[in-house]
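S.K.: Okay, sequence plus prediction incoming.
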Amino acid sequence: MNQRLPNAISAEQARRVNQAVRLLQKGATREALSIARSVATNASDSAEVQHLLALCHKATGARDEAETAFRRALVLAPADPAILGNYANLLKQLGRIGEALRLYRGAVEADPAFVQGWINLGLAALEVAQTGDAVRALERAITLAPSSASAWHALGNARRAQGDLDGAEAAFRAAVARAPANGAGWVNLSVVVKLQGRPAEALPLLDKARKAGFTGPELDDAEVGALIDLGEIGAALERVRRLAQTAPHYTAAHVTLAHLLWEHGDLLAPGEDPLSAFREAAEGQPGNGELQLALIRFLLEAHRAEEALERVRRLRGAANPAPALAIVEANALEELRRPEASGSLYAHIYEVMGVRDAAFLNAYTRHLLRTGQWDGAAAIATAATEADPTNQEAWGHLGTAWRLVGDPREHWLCDYERTIVLVEVESPGTFASGTEFLAALAGTLDALHKACREPVNQSLRGGSQTSGRLFGRPDPLLRDTQAAITRTVERHIATMPDDREHPFFGRKKRTASFVGSWSVKLWSKGRHVNHFHPQGWMSSAYYVSLPPSIGRGDDGHAGWIQFGQPSEDLGLDLPPRRFIKPKAGFVALFPSYMWHGTVPFEGQEPRMTVAFDMTPVD
């Protein structure tokens with residue numbers, strides 16, 4: 001008698017397996033599971049059967065049974081790419097992304113031509129902010145399957161997360177060319193186009209999404225964003241008010257509405273609070289945790305910490321010890337200057353809950369700095385740089401902690417003379433003089449300043465900031481400005497020292513791309529509080545127009561930019577390390593993690609600048 005191999009199944013068993021697979025594909029999950037269980041009775045040592053059993057259990061929601069079957073299947077066939085990939089899909093659903101990534105990698109190593117494996121690997125890497133790995137995996141998928149719209153769409157998301165908006169646009173355009181009926185592709189393309197400063201081009205793309213059958217609040221939200229960037233604030237406000245009413249569950253609408261009303265107080269109804277609609281929505285949806293948390297975070301940004309604390313405690317209670325809520329409660333206590341309570345909670349989150357993400361570690365570091373625990377602040381800030389080596393806030397805090405404890409590494413990190421430069425930007429040749437160019441640019445920028453007060457979550461005090469991305473707008477003068485600044489930055493990068501160990505110099509490449517650009521108009525007594533730029537690598541201030549009072553030099557450092565002094569919110573008695581006097585037509589360039597701010601000034605004319613963040617590009 002012939003003996004069956006351990007993983008082999010008979011012809012009849014194979015027929016029934018195929019029958020179960022077809023049922024599973026049709027959604028007849030219970031019938032498929034019944035067949036799989038029957039076959040497994042006599043073929044439990046078959047990887048194919050265990051794999052089928054796992055898929056059936058997963059489809060019926062029996063995740064524990066599915067995982068048990070997946071594990072058995074992998075014991076029998078440890079290098080099977082389909083088993084590895086499908087088990088990884090389950091683990092991703094369970095929130096076990098690290099384990100899923102390991103299995104996705106195993107799947108594509110076992111079968112380098114496994115297109116869906118590369119796509120799933122890229123999506124999982126993107127979920128945990130491993131954007132470089134995500135881009136590489138998705139580019140491999142496209143090499144294998146250039147006609148895959150889903151691969152191009154995923155690559156667009158990955159490139160956008162990486163800050164490569166040009167690359168994201170190209171990927172999304174490739175996706176919609178291959179699947180024009182996919183409305184989500186048109187929406188994402190429109191968002192990227194808007195982020196590049198071309199909101200007028202974004203609106204027709206949203207019409208294409210609607211014609212493709214895309215529905216949902218995301219579409220209306222994207223239209224609101226384009227209208228804001230076009231300066232059509234009244235239309236945007238009307239649209240977002242309607243969206244908040246028709247889709248009350250959609251958190252982004254309430255956040256956008258609150259920001260609009262905060263910055264454009266002249267549009268408020270008499271006696272209206274910018275947050276009244278937000279509060280009303282939250283009160284009406286006590287079970288919408290995302291909405292509740294968004295309101296609490298906005299309250300903290302608006303320095304309404306008492307209300308934030310009351311709301312988070314109502315949400316959290318004894319039955320909801322979620323780390324996200326605990327962190328927000330600790331932040332509210334810290335904002336209210338209740339250091340014993342916030343310190344105890346931060347320590348609990350760190351030691352007991354085991355939270356190690358950089359955002360939490362940065363909040364914990366701020367508490368330790370405020371309370372004089374400088375060695376502890378240095379240790380936690382170091383942990384934050386290890387958790388996220390490019391986290392600008394973590395490096396800024398670490399430099400401050402090193403300064404407080406007298407650690408000479410502060411000067412290695414900040415090196416206030418070498419890392420900060422003031423460089424002249426050569427004016428475009430289309431103008432007779434630099435003065436003429438700057439006057440024209442000031443007029444263009446002034447028309448974009450629509451708000452009557454500063455944004456809620458920015459460093460600006462006593463001024464306005466343009467919305468959306470400045471560079472990328474279809475304005476010839478802004479394009480010429482961007483090109484002139486890019487040339488200036490590239491010349492500066494070429495002079496920077498080579499130091500692989502340094503978090504600023506060590507990241508330099510041939511050039512850098514803009515990840516954010518905007519204009520700020522400061523009014524008399526206006527300033528920037530000391531801050532850093534979390535999204536960049538190199539940050540800036542390009543001086544377009546300055547009040548005469550700044551140039552006279554008879555008022556100390558009024559209107560100057562200062563470096564090295566931490567936020568006054570930390571309560572540290574540390575003076576600035578360096579001042580730079582602004583010059584019209586010059587740009588100040590410095591590491592994004594560098595504390596910097598503006599000394600208040602007085603004058604009838606505004607102080608107009610262009611600011612931008614950049615990240616390195618090969």
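M.R.: Everything's here; your move. Residues are numbered from 1 along each chain as shown.
S.K.: All the helices of the stretch 401-550 of the chain, residue numbers only.
M.R.: 409-414, 434-446, 476-495, 548-552 (DSSP state H, counting those that start in this stretch).
S.K.: Adjacent strands (with direction) for the helix or strand following the shortest one?
M.R.: The reference is to helix 548-552. Elements were assigned by DSSP states H and E; along the chain past helix 548-552, the next helix or strand is strand 561-563. When pairing is defined by DSSP bridges, strand 561-563 lines up against strand 578-580 (antiparallel), strand 596-598 (antiparallel).
S.K.: re earlier: and of the helices of the stretch 401-550 of the chain, who's closest to residue 531?
M.R.: Evaluated with C-beta to C-beta, these place helix 409-414 nearest to residue 531, the distance being 15.1 Å. The way it works is simple: take the backbone N, C-alpha and C, and place the C-beta from them, glycine included.
S.K.: Show the secondary-structure elements that that closest one is packed against.
M.R.: helix 392-404 (3 or more C-beta pairs under 8 Å, 6 or more residues apart in numbering; DSSP states H and E).
S.K.: Could you rerun that using 10 Å?
M.R.: Where contact means 3 or more C-beta pairs under 10 Å, 6 or more residues apart in numbering; DSSP states H and E, helix 409-414 is packed against helix 392-404, strand 586-591.
S.K.: avg pLDDT for the shortest one?
M.R.: Rounded to a whole number, the mean pLDDT of strand 586-591 is 97.
S.K.: before we move on, what about the longest one?
M.R.: Predicted confidence along helix 392-404 averages 98 (mean pLDDT).
S.K.: Residue 611 pairs with what?
M.R.: Here residue 611, judged by DSSP bridges, has bridge partners residue 518.
S.K.: List the residues that contact it.
M.R.: 465-466, 470, 516-520, 528, 533, 539-542, 587-588 (C-beta atoms under 10 Å, 6 or more residues apart in numbering).
S.K.: Repeat the analysis, applying 6 Å as the threshold.
M.R.: 518, 540, 541 (C-beta atoms under 6 Å, 6 or more residues apart in numbering).
S.K.: Just the buried ones from these, in ChimeraX syntax?
M.R.: Command for ChimeraX that selects the buried part of the contacts of residue 611, burial taken from 16 or more other C-beta atoms under 10 Å:
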select :518,540,541
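S.K.: and which of the contacts of residue 611 is nearest to residue 47?
M.R.: residue 518 (56.3 Å).
S.K.: one step back: so which of the strands paired with strand 561-563 is the most surrounded?
M.R.: strand 596-598 (a mean of 25; mean count of other C-beta atoms under 10 Å).
S.K.: who touches it?
M.R.: 527, 528, 529, 530, 561, 562, 563.
S.K.: What is the burial count for residue 582?
M.R.: Using other C-beta atoms under 10 Å, the number of residues around residue 582 comes to 20.
S.K.: If you could redo that for residue 15, that was the one I meant.
M.R.: What residue 15 shows, counting by other C-beta under 10 Å, is a neighbour count of 12.
S.K.: ok, and what's touching the strand or helix carrying it?
M.R.: Residue 15 is part of helix 11-26, with elements assigned from DSSP H and E. Applying C-beta under 6 Å, 6+ apart, the contact partners of helix 11-26 are 31, 32, 35, 36, 39, 43, 52.
S.K.: need the contact list for the fifth one.
M.R.: Neighbouring residues of residue 39 by C-beta under 6 Å, 6+ apart: 13, 16, 49.
S.K.: I'd say residue 579 and residue 561 touch.
M.R.: No: with contacts counted by C-beta atoms under 6 Å, residue 579 stays clear of residue 561, the gap being 7.3 Å.
S.K.: can you confirm residue 194 is in a helix?
M.R.: Yes: Residue 194 sits within a helix when classified using DSSP: H, G, I helix; E, B strand; the rest coil.
S.K.: Distance check, it against residue 517.
M.R.: 13 Å (C-beta to C-beta, to the nearest Å).
S.K.: what does residue 163 give?
M.R.: According to C-beta to C-beta, residue 163 and residue 517 sit 12 Å apart.
S.K.: now residue 466
M.R.: Residue 466 is 9 Å from residue 517, by C-beta to C-beta.
S.K.: After the helix holding residue 15, which helix or strand is next? Please name it.
M.R.: Next element after helix 11-26 (DSSP H and E): helix 29-42.
S.K.: what's the following helix or strand after that next one?
M.R.: helix 47-59.
S.K.: Show me which residues of the very next helix or strand once past that next one are buried.
M.R.: Next helix or strand after helix 47-59 toward the C-terminus (DSSP H and E): helix 63-76. By 16+ other C-beta under 10 Å, the buried positions in helix 63-76 come out as 65, 66, 67, 69, 70, 72, 73, 74, 76.
S.K.: Confirm for me that the fifth one is in contact with residue 87.
M.R.: Yes: the pair formed by residue 70 and residue 87 meets the contact definition of C-beta under 6 Å, at 4.0 Å.
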